[in-house]
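In: A predicted structure for the sequence below; I have some questions about it.
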Amino acid sequence: MAGSFKANFTFKILLIQIASMEYSFRQIEKKWQAEWKAQQTYQVSNDSDKPKCYVLDMFPYPSGAGLHVGHPLGYIASDIYSRFKRLKGYNVLHPMGYDAFGLPAEQYAIEHGVHPAVSTETNIQNFRNQLDNIGFCFDWSREVRTCDPSYYKWTQWIFLQLFESYYNRATGKAESISSLVAIFEEKGNEGVVCPGEPGLQFNAADWKAYSSHRQQEILMNYRLAYCGYGEVNWCEALGTVLANDEVVNGVSERGGHPVVKKKLRQWYLRITEYADRLLEGLDRIEFSEAMKEMQTNWIGKSYGAEIDFAVKSEKGSVSSLRVYTTRPDTIFGVDFMVVAPELDIVEGLKSEGQAAAVEQYLDYVKSRSERERMAEKKITGVFTGSYAINPFDGREIPIWLSEYVLAGYGTGAIMAVPCGDERDHRFAEHFSIPITNIIGAQYDGKEANPTKDAILENSGFLNGIGMREATEIVLKKLEEMGIGNRKVNYRMRDAAFSRQRYWGEPFPVKWQNGVAKALPASDLPLELPYVESYKPGPEGEGPLANIPEWIAAELETNTMPGYAGSSWYFLRYMDPKNDKEFCSRAASDYWGQVDLYIGGTEHAVGHLLYSRMWTKVLYDLGHIGFDEPYKKLVNQGMIQGSSRFVYRINGTNTFVSKGLLNEEGMYEGKLVDKLHVDVNIVDGYALDTEAFKKWKPEYAQAEFVLENEQYLCGSEVEKMSKSKFNTVNPDHIVERFGADTFRMYEMFLGPVEISKPWDTKGIEGVHRFLKKFWRLYVDENKGLNLTDEAPTAAELKVLHRTIRKIEEDTERFSFNTGVSGFMICVNELNELKCRKKSILLPLLVLLAPYAPHITEELWQLAGQAGSVLDAAFPEFKEEYVRESAKAYPVAINGKTRTEITIGLEASQAEVEEIVLANELVQKWLEGKAPKKIVYVKNRMINVVI
RNA sequence: GCCCGGGUGGUGGAACUGGUAGACACGCAGGACUUAAAAUCCUGUUCGCCGAAAAAGCGAGUACGGGUUCGAUUCCCGUCCCGGGCACCA
């Protein structure tokens, strides 16, 4: 008994010892995360002799769902790059913070009665824990939050800069409103076109004679941040304004209530004044061509003309119709006009006979969102009963209304040339409008041809003239006749900058007698007051309108949108604690532009354009020394999720199982709304209907139409996002495999810029690699197992190839191939049974940016001083990898047939001789002479027969 | 609809500037070690044809159809499918 007990006891001790030298990743990771925190290893100074490098991740919104595996993809990439740059001797700024204002927190407040500040704080804590788990090198002492008054004080301050500025087109930059007033007092607005009211003209005397109310109204039309009127999605039943996101099939996602458009007073940013500079700036920054193209298209600069057509109508109240066209040369091909249904002149255009049809059409359009209108393939429209007169041949052209023409672009009216424009063509065919062919054989009668190179026919005085030339002739003639002028147009509109919401920055503005007055900077921050209820105010105003004190103080009741705080946050990180300035000039001069910005393409035209504009304004006003915020942008692809959908019969609370829908996605002839459902309450495709009822209050009374006693959901691969309820939490991945494995696996999945669906299987391979790596240094029984022997040539070759590979791949953000490079290296060193410090210590440094915890542990075990984070990146030496010969693939007619090893210095003649002597090549030649032998040094050889 | 991106084995992907398609992994199959399992290690793995098998060989192959080229996953034209954005999600 005793002997057996003792043996058992010893055995246990042995087990513990063995276990202690295994790769126990959780223990190692927690140890070093605590150590780095204690040592403040990641704190960065603004004062350093080293070259600077600013690496930034796009500002996350701390959602209640927490991090999903898609978020850290970019953070890991930037983390690896930051650590790599640190090893390379840079002073690296790599900060993180929270874009903490936003709709979801408010939505949550409405649904659960929790104050957004409370839920946001909880979410941030949660986010932070999740981030810490992964071992990022963020300098948390620089953390910022947009909802913190010490932060939004400066958001409000920058808003005041915008409010107190206008864009001087003559100097091409923002200047102060006071300097504009000085110009007005001296000479009126001559030479200073009013962007908000282009026809406006007044002299100094006029200006002085204006009431102060009128003066303020004029100034408002110049300000970079200004007030105007705009349409919003208004839901009467909810008494609130909805985001496009929240509107499905013309009804609210919450509750399925009708949504119509309503005009409300709104703030705007005059980003259109910066259109040309936003275009020009693209030439000076390293964004992908696709990204530049998207921004260019969004800005949508076009050169064309505005033309006034005389109108013949029953009422006679409309004398002319102004259209915008980029193709004045096609004016003889105009077969009809299309006017946006919202335009005021519609009332005057409709004839008695068409009145009913027009009214019916207007009702239809009112129920449609802009998104739906643009996505519509179906052709809709109505004839107004009026005609425009072609100024050159007097032809009467019918005027139609159609939703494919948008009120906000150009003049809201177009001249339709069906033979040259696809949409016009389909419209003409659909409504049987006769088509005039002005390009002869270039038009086949079936499809529009948008060519610019045809010779015009059927075109009066333009007959026989090329289109490009004709454009100029027509423009001159229109100008002579006084009915048209050249016009540069932008598709981009001014950015709506107010929300009828609670959880955002209050505007530092008072309304007195209908005039907006800026609060003095000394009153900032204007703090967001506490509210009991998040219900909208009267007439769709924001919740702040419900606070008597707020109203009594005459304060603006709108709040700023999400992109306000995120448009300048990269500056605040440089000097986060400054309570005198948004960022000291010394700090912004030291850090300068963001050297590497990583984030998704979903911000291509929103955030990235706004923050570029804000930067330009701050630059113009002399607050910073550069006018582009981001020097280089790398787009991370999305890690996609697999979403699930439920189908609600439109206007009801009844949900129909997927299999019961017909091919058009209808149920018994009824329209259904397709709604996302949380993947966590769906098993495969089967919905847990009880959990569904508890999921959201509005579903508590939901009824289900089942198939085979189950409710089956639809599925789609799409972006992983809180709003699509399809997220996977990284925490449990880290728990099972460790942070180093998680980091490397995310990178190993594929190129950082490509989207791919998440799949947990496959992570084993990376985990195995790290265990193998560990065993290169540590014998699980004996412990550390390194020698001081001199390395062999083969070992040096493996090491230096890896140095080159990792350096190149990290520098070009090809982290996936970097990881595979490490795998190859470890496989080869294993084969060589290499345990030499001279090889393995440099390898530790190479791997440190990718897997910081395991490398720091081994660095310490190997008795190295200091942290591996501050080691020097090993230097690549070409001499160790140099080859003297290459095994060339030899192809016959492009098809590889064999391999021949030839010295690298061989000449064409020598190669030909060697190749022709080869037995296999001779077999293919069958005695004939080759036509040609292609030899590309260090690449391949091709024998052409 | 418009703009942008993508499509390569059973799966994720590699091939960087037009030069050996499938690196590196996952999965799968077989084997070694073990009483067994886990862990670890080894071998094979694009498809088809020809072989008893192995070796070798032949043919096809990077969404589909064309083109340029000695040579195309890579460049050009057209088609299909998937994803992102389209102005109040951030």
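Out: That came through, no problem.
In: Output stretch A:575-586 as PDB, restricted to C-alpha atoms.
Out: Only the C-alpha atoms of stretch A:575-586 are listed here, as PDB (Å, rounded to 0.1, in the frame of the first residue of the first chain):
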ATOM      1  CA  ASP A 575      -2.600  65.700 -27.100                       C
ATOM      2  CA  PRO A 576      -5.600  64.100 -25.300                       C
ATOM      3  CA  LYS A 577      -5.400  65.900 -22.000                       C
ATOM      4  CA  ASN A 578      -5.100  69.400 -23.300                       C
ATOM      5  CA  ASP A 579      -7.800  71.600 -21.700                       C
ATOM      6  CA  LYS A 580      -6.600  74.800 -23.400                       C
ATOM      7  CA  GLU A 581      -6.800  73.700 -27.000                       C
ATOM      8  CA  PHE A 582      -8.200  70.800 -29.100                       C
ATOM      9  CA  CYS A 583      -4.600  69.900 -29.800                       C
ATOM     10  CA  SER A 584      -1.500  71.900 -29.300                       C
ATOM     11  CA  ARG A 585       0.200  73.000 -32.500                       C
ATOM     12  CA  ALA A 586       3.500  71.500 -31.200                       C
END
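In: got a list of contacts for that stretch?
Out: Identification of contacts with stretch A:575-586 by Cβ atoms under 8 Å, 6 or more residues apart in numbering yields A:46, A:95, A:141-144, A:150, A:154, A:157-158, A:568, A:571-572, A:574, A:587-588, A:623-625. Every C-beta, even on glycine, is put in place using the N, C-alpha and C of the backbone.
In: buried sites along that stretch?
Out: A:575-576, A:582-583 (16 or more other Cβ atoms under 10 Å).
In: gap between the two ends of stretch A:372-391?
Out: Taking Cα to Cα, to the nearest Å, the first and last residues of stretch A:372-391 lie 35 Å apart.
In: And that stretch, what's buried?
Out: For stretch A:372-391, burial by neighbour count (16+ other Cβ under 10 Å) applies to A:373, A:380-391.
In: Quick check: ChimeraX command selecting the buried ones in the contacts of stretch A:575-586.
Out: In ChimeraX syntax, the buried subset of the contacts of stretch A:575-586 is picked out as below (16+ other Cβ under 10 Å):
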select /A:95,142,143,144,154,158,568,571,572,574,587,588,623,624
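In: just to revisit the earlier point, closest one to RNA strand B out of the buried residues of stretch A:372-391, please.
Out: A:Arg373 (8.9 Å; Cβ to the nearest atom of the strand).
In: Skipping adjacent residues, who's closest to that closest one in space?
Out: Distances taken as Cβ to Cβ, 6 or more residues apart in numbering put A:Glu403 closest to A:Arg373, at 4.5 Å, once the chain neighbours are dropped.
In: quick one: the one you found from A:Ala340, how far?
Out: Distance, A:Glu403 to A:Ala340, using Cβ to Cβ, to the nearest Å: 8 Å.
In: Ok, A:Val881 next?
Out: For A:Val881 relative to A:Ala340 (Cβ to Cβ), the value is 66 Å.
In: between the two, who's got more neighbours?
Out: Using other Cβ atoms under 10 Å, the more surrounded residue of A:Val881 and A:Ala340 is A:Ala340, with 23 against 16.
In: wait, doesn't the more buried one sit right on A:Gly412?
Out: Yes. If you go by Cβ atoms under 8 Å, A:Ala340 and A:Gly412 touch, sitting 4.1 Å apart.
In: list residues touching both of the two?
Out: Shared contacts of A:Ala340 and A:Gly412 (Cβ under 8 Å, 6+ apart): A:405-406.
In: Relative to RNA strand B, which residue of the stretch 1-150 of chain A is the closest?
Out: For the stretch 1-150 of chain A, Cβ to the nearest atom of the strand, closest residue to RNA strand B: A:Gly102, 3.1 Å.
In: Who are the contact partners of the residue nearest to that residue when sequence neighbours are not counted?
Out: Using Cβ to Cβ, 6+ apart and skipping the chain neighbours, the partner closest in space to A:Gly102 is A:Gly562 (5.0 Å). Each residue near A:Gly562 by Cβ under 8 Å, 6+ apart is listed here: A:61, A:99, A:101-103, A:504.
In: So for chain A, the centremost residue is which one?
Out: The structure's chain A has its C-alpha centroid closest to A:His603; by Cα atoms, centre = their mean the separation is 1.7 Å.
In: so what's the closest residue to RNA strand B within the stretch 751-900 of chain A scoring on pLDDT?
Out: Nearest residue of the stretch 751-900 of chain A to RNA strand B, counting by Cβ to the nearest atom of the strand: A:Gly765, 2.2 Å away. According to the prediction, A:Gly765 has pLDDT 92.
In: so where's the stretch 251-400 of chain A uncertain?
Out: By pLDDT under 70, the low-scoring segments of the stretch 251-400 of chain A are A:369-371, A:374-377.
In: And the strands in it, which stretches?
Out: Assigned by DSSP state E, counting those that start in this stretch, the strands in the stretch 251-400 of chain A fall at A:251-252, A:260-269, A:301-312, A:320-325, A:336-339, A:382-389, A:396-401.
In: distance between the fourth one and the chain's centre?
Out: Right, the one you point to is strand A:320-325. Its chain's C-alpha centre lies 35 Å from the corresponding centre of strand A:320-325 when counted by Cα atoms, centre = their mean, to the nearest Å.
In: Next up, the contacts around the residue lying closest to A:Phe59 once chain neighbours are set aside.
Out: Leaving aside its sequence neighbours, A:Phe59 sits nearest to A:Asp99 (Cβ to Cβ, 6+ apart; 4.1 Å). Residues near A:Asp99 by Cβ under 8 Å, 6+ apart: A:59-62, A:146, A:562, A:565-566, A:569.
In: Just the ones of these in strands?
Out: The members of the contacts of A:Asp99 all map outside strands under DSSP state E.
In: Now the two most distant members of those.
Out: Using Cβ to Cβ, the contacts of A:Asp99 span at most 13.8 Å, a distance reached by A:Pro62 and A:Tyr569.
In: re the thing from before, out of the contacts of A:Asp99, which are buried?
Out: Using 16+ other Cβ under 10 Å as the burial test, the contacts of A:Asp99 include A:59-62, A:146, A:562, A:565-566, A:569 as buried.
In: Return the distance of A:Ser178 relative to A:Glu185.
Out: For A:Ser178, the distance to A:Glu185 equals 11 Å [Cβ to Cβ].
In: just A:Asp453 next, same as before
Out: Where A:Glu185 is concerned, A:Asp453 sits at a distance of 53 Å (Cβ to Cβ).
In: Low-confidence bits of the stretch 651-800 of chain A, can you list those?
Out: Using pLDDT under 70, the stretch 651-800 of chain A drops low at A:659, A:662-665, A:679-686, A:708-710, A:714-719, A:722-723, A:726.
In: those strands in it, which residues are they?
Out: With DSSP E, counting those that start in this stretch as the criterion, the stretch 651-800 of chain A has strands spanning A:654-656, A:672-677, A:682-683, A:686-687, A:703-705, A:714-719, A:756-757, A:778-779, A:783-784.
In: what's the most buried one of the strands of the stretch 251-400 of chain A?
Out: Of these, the one with the most neighbours on average (mean count of other Cβ atoms under 10 Å) is strand A:336-339, at a mean of 24.
In: centre of the chain versus that one, how much separation?
Out: Put simply, strand A:336-339 sits 35 Å off its chain's centre (Cα atoms, centre = their mean).
In: so what does that strand touch, helix or strand wise?
Out: Applying 3 or more Cβ pairs under 8 Å, 6 or more residues apart in numbering; DSSP states H and E, we find strand A:336-339 packed against strand A:320-325, strand A:396-401, strand A:413-416, helix A:422-430.
In: Brilliant, that's me finished.
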